[in-house]
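J.: Sequence plus predicted model, see below.
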Amino acid sequence: MGNFVALYFDAILPSAFILTLACIVLLLTAFFKHKADGWIYYSTQIGLFVGIGMILRQYWCFPDAVAIAQGRFRLDHFSMLGSLLVLALSFFALFYSRKELIRQQLAIGEYFSLCLFSIVGMLVMATAYHFLTFYIALELMSFPLYILCAYHRGSSKGSEAALKYFVTGALASGFLLYGISLIYGVTHSFSFVDVGLAASHASGGEMVMLLVGIAFILAGLAFKLGLAPFHMWLPDVYEGAPPSVTLFLVGAPKIAVLFLLIRLFQTSFIPLFEHWSEMLYLIAALSLLVGNIAALTQNNLRRMLAYSSISHMGFMLLALAASASAGLSAALFYMISYAIVSLGAFAVITLLNHHKGTVETVSDLAGLSRRHPWLAFIMMMLIFSMAGIPPTVGFVAKLSILLSLLAAGQVAMAVFAVLMSVVGLYYYLRVIKVMYFDEPAKEVVYAPVVSSGSLALVSLTGLFALLLGIFPAELLTYCQTVLTYPLQI
Amino acid sequence: MTVIPLAYYLMLSALIFGISIAGIVMNRHHLIKALMSIELMLLAVNINFVAFSQYFHDIAGQIFVFFILTVAAAESAIGLAIIVLVFRRRGSIDIVTLNELRG
């Protein structure tokens, strides 16, 4: 019994700790108002670090997969990697938030507490092994994000973005629930494993109902990942939300949703692989098309990056559709590298915001190479990586996805993906051209004020894009090892 | 006592689900209507869960419904708060006026 309690304690420790931290931050804000701002910022960041330490301890405590709470959660190296990435990416995003919040004169305490609640949702999502846990975690992640989008109360763009995000998000969770109810109707269970077992001998009408359920769940998750044709909210939210919130949105939530997607589709729906793989191909191809074509005409920088993120998600999904096992590691590698690279790019944009003027359109970057050569260089590395130009990590990621497509015999799809990447080059290279060769149009030209800490952290992402592009083997093999866990039941 | 077949419940819930989707997609003017449609959608799902749960004598489906009801309450609280914010900024909650972000 004592052993059981200890196991339980170790397993839920990181999420329980972050949850407690969120409540403490909320209380500090309620009682001390603005006097506790510094405390809140530092305790959040240190707390996230401690959370990372707790997950590293889990690596050592749980060498094998364990199911907790009658199989409602599952703890293995796959879920631990997910939690680790969520915490690290959130740490990175929150690092840039404080200065931005002070610049916009927004309250600090509630912001960090909402972010922490959302992080708890993501952590639970990475370990979820049951539809009820999955649903609650997804909503716990999403609700604070809706509020955060409207965090700047004076901004009408922000409230509009929040409203669009809320309505589409609610629609998505409705789809998701309808899918879950159909799957419950066929399999009589909410557990991922039992659903997988029941799915393997479904036939006839049951099979049809199961496939409709999978389609609904896929639609719900595609909403959250921002895949076409469920992407309408994403450009509006990226543009309208406060810059620090956009920074939080691009990294951790997508990682959490992807980890859940892999877990769900590999554990529960794998017997029906050939059926849902066609759905994934359709969504992926549509996302590649819509994302790349729509990004061509964008002038707003964050809107352009939003459309580019739609196309990246499509690219990643191709590998999930291509193969039941080998393509997965390519998809995971792609997602990890893209999350870090896009976080870096948005961080550069956030860093350039200044009380004299903000970076909104692509032409606002004009002359950055002279105003701040190092930031321009970092941005160039990140943009190169997004475009998939060697020797950056984006190239390796795209290559491994194309290889897995070819291995699955999907030559037409691979050619289409390459063509769409070529289209993408146009708008990526435009950013670099503006940064290096264009004269700034504005009369007041200011040099960005960047603290050494934030410069070091953003340089780390640029360095990462370069180094991981030259030495990708370790992470790729690690992705393969980790992915053996969701495949074994 | 005659038992109502499961298929009838499923048809009812599919019908309500369809109405609520139409309510969100076709609604061009009033945001409160969109919020009501969202609630309706979750209730349609609840019919499904309870019907399956009753039919299979498995209590888990009904427990799921409790969670959905709780989450739906939180969801409409957030939705109403955002609508109040939009109304303060623009003095109207007509969907047509939400056109600052486009492209």
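T.: Yep, it's here.

J.: what distance separates the worst-scoring helix or strand of chain A on mean pLDDT from the middle of the whole chain?
T.: Across the helices and strands of chain A, mean confidence by mean pLDDT, DSSP states H and E is lowest for helix A:484-487: a mean of 80. Per CA atoms, centre = their mean, to the nearest Å, the displacement of helix A:484-487 from the mean C-alpha position of its chain is 21 Å.

J.: And the contacts of it?
T.: Contacts to helix A:484-487, defined as CB atoms under 8 Å, 6 or more residues apart in numbering or on different chains, come from residues A:A65, A:D76, A:H77, A:F78, A:S79, A:I262, A:R263, A:Q266, A:T267, A:S325. (C-beta placed from N, C-alpha, C; glycine too.)

J.: which of the residues in the strand or helix carrying the fourth one are buried?
T.: Following DSSP states H and E, the helix or strand that holds A:F78 is helix A:77-103. Of all the residues in helix A:77-103, those buried under the rule 16 or more other CB atoms under 10 Å in any protein chain shown are A:77-101, A:103.

J.: For stretch A:380-392, output the C-alpha coordinates as PDB.
T.: Extracted C-alpha coordinates of stretch A:380-392, given in PDB (Å, rounded to 0.1, in the frame of the first residue of the first chain):
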ATOM      1  CA  MET A 380      17.800  34.700 -40.800                       C
ATOM      2  CA  MET A 381      18.800  31.300 -39.400                       C
ATOM      3  CA  LEU A 382      15.300  30.700 -38.100                       C
ATOM      4  CA  ILE A 383      13.700  31.700 -41.400                       C
ATOM      5  CA  PHE A 384      16.100  29.500 -43.300                       C
ATOM      6  CA  SER A 385      15.200  26.600 -41.100                       C
ATOM      7  CA  MET A 386      11.400  27.300 -41.700                       C
ATOM      8  CA  ALA A 387      12.100  27.400 -45.400                       C
ATOM      9  CA  GLY A 388      14.100  24.100 -45.200                       C
ATOM     10  CA  ILE A 389      17.400  25.400 -46.500                       C
ATOM     11  CA  PRO A 390      20.500  23.300 -45.500                       C
ATOM     12  CA  PRO A 391      22.400  23.200 -43.200                       C
ATOM     13  CA  THR A 392      19.600  24.200 -40.800                       C
END
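
J.: In the helix or strand containing B:G61, which residues are buried?
T.: Element membership for B:G61, per DSSP H and E: helix B:60-90. By neighbour count, with 16+ other CB under 10 Å as the criterion, the buried positions of helix B:60-90 are B:60-61, B:64-65, B:68, B:71-72, B:75-76, B:78-79, B:82-83, B:85-86, B:89.

J.: and the two most separated of those residues?
T.: Greatest spatial distance among these (CB to CB): B:A60 and B:R89, at 43.4 Å.

J.: For A:R74, I want the exact helix or strand it lies within.
T.: With DSSP H and E as the test, A:R74 turns up in strand A:73-75.

J.: do that strand and chain B meet?
T.: No: Strand A:73-75 does not reach chain B (CB under 8 Å from any CB of the partner chain); its nearest approach is 15.8 Å.

J.: For the stretch 251-400 of chain A, what lies in contact range of chain B?
T.: So the stretch 251-400 of chain A meets chain B at A:T297, A:Q298, A:N300, A:R303 (CB under 8 Å from any CB).

J.: From the residues you listed, keep the buried residues only.
T.: A:Q298, A:N300, A:R303.

J.: number of nearby residues for A:A30?
T.: The number of residues packed near A:A30 is 12, by other CB atoms under 10 Å in any protein chain shown.

J.: Could you check the helix or strand that it is a member of against chain B for contacts?
T.: Under the criterion of DSSP H and E, A:A30 resides in helix A:2-32. No: counting by CB under 8 Å from any CB, chain B is not contacted by helix A:2-32; separation bottoms out at 15.5 Å.

J.: Next, the buried residues of that helix.
T.: Those would be A:10-15, A:17-19, A:21-22, A:24-26, A:28-29, for helix A:2-32 by 16+ other CB under 10 Å.

J.: Just flag the most distant two among the contacts of helix A:484-487.
T.: Checking the contacts of helix A:484-487 with CB to CB, the most distant pair is A:S79 and A:S325, at 18.1 Å.

J.: Any figure for the gap between A:G453 and A:K99?
T.: 10 Å (CB to CB, to the nearest Å).

J.: Next: A:L197.
T.: 51 Å.

J.: Name the nearest residue to A:H188, sequence neighbours excluded.
T.: Distance criterion CB to CB, 6 or more residues apart in numbering or on different chains; nearest residue to A:H188, sequence neighbours excluded, is B:F56 at 5.1 Å.

J.: contacting residues around residue 23?
T.: Since no chain was named, I'll use chain A. Contacts of A:C23 by CB under 8 Å, 6+ apart are A:S113.

J.: nope, chain B
T.: B:K33, B:A34, B:M36, B:S37, B:L40.

J.: ok, 6 Å please
T.: Counting by CB atoms under 6 Å, 6 or more residues apart in numbering or on different chains, B:G23 makes contact with B:S37.

J.: which bits of chain B sit near chain A?
T.: B:34, B:38, B:41, B:45, B:48-49, B:52, B:56, B:58, B:60, B:64, B:71, B:78-79, B:82, B:85-86, B:89, B:98, B:100-101 (CB under 6 Å from any CB of the partner chain).

J.: quick one, phi/psi of A:Q410?
T.: phi -100, psi 70 (degrees, to the nearest 10).

J.: Distance of it relative to A:L286?
T.: 16 Å.

J.: Looking at these two, which is more packed in?
T.: Neighbour count, other CB under 10 Å: between A:Q410 and A:L286, A:Q410 has more, with 21 against 18.

J.: what about stretch A:400-417, distance to the chain center?
T.: The answer for stretch A:400-417 is 24 Å, by CA atoms, centre = their mean.

J.: now what about that stretch, what contacts it?
T.: Outside stretch A:400-417, the residues touching it (CB under 6 Å, 6+ apart) are A:L318, A:A319, A:A322, A:S323, A:A326, A:G327, A:A330, A:Y334.

J.: Restricted to helices, list these.
T.: Within these, residues falling in helices by DSSP state H are A:L318, A:A319, A:A322, A:A326, A:G327, A:A330, A:Y334.

J.: Check the burial of the fourth one by counting its neighbours.
T.: The reference is to A:A326. Residues near A:A326, counting by other CB under 10 Å: 16.

J.: Not counting sequence-adjacent ones, nearest residue to it?
T.: A:S404 (5.7 Å).

J.: cool, and the third one?
T.: Once flanking residues are discounted, A:A322 sits nearest to A:A408: 4.1 Å by CB to CB, 6+ apart.

J.: ok, how many other residues are close to the one you found?
T.: By the measure other CB under 10 Å, the count of residues near A:A408 is 19.

J.: again, but for the one 10 residues further on
T.: Other residues near A:V418 number 13, with proximity taken as other CB under 10 Å.

J.: Could you do A:N299 as well?
T.: With other CB under 10 Å as criterion, A:N299 counts 12.

J.: how about it, what does it touch?
T.: A:T361, A:V362.

J.: Just the pLDDT at it, thanks.
T.: pLDDT, A:N299: 91.

J.: can you check A:A465 too?
T.: 90.

J.: For it, which non-adjacent residue is spatially closest?
T.: Per CB to CB, 6+ apart, closest to A:A465 is A:S385, 4.1 Å.

J.: show me where pLDDT drops low in chain B?
T.: B:1, B:103 (pLDDT under 70).

J.: Does chain B have contacts with stretch A:131-144?
T.: Yes: using CB under 6 Å from any CB, we find that stretch A:131-144 touches chain B at A:L132, A:E139, A:F143.

J.: What are the contacting residues of the helix or strand harbouring the first one?
T.: Going back to what we said before, that points to A:L132. Here A:L132, judged by DSSP H and E, is contained in helix A:131-149. Here helix A:131-149 makes contact (CB under 6 Å, 6+ apart) with A:72, A:114, A:117-118, A:121-122, A:124-125, A:128, A:161-162, A:165-166, A:169, A:180, A:190, A:237, A:241, A:245, B:64, B:71, B:78.

J.: on that earlier part again, compare the contacts of helix A:484-487 and tell me which is most surrounded.
T.: A:S79 (29 neighbours).
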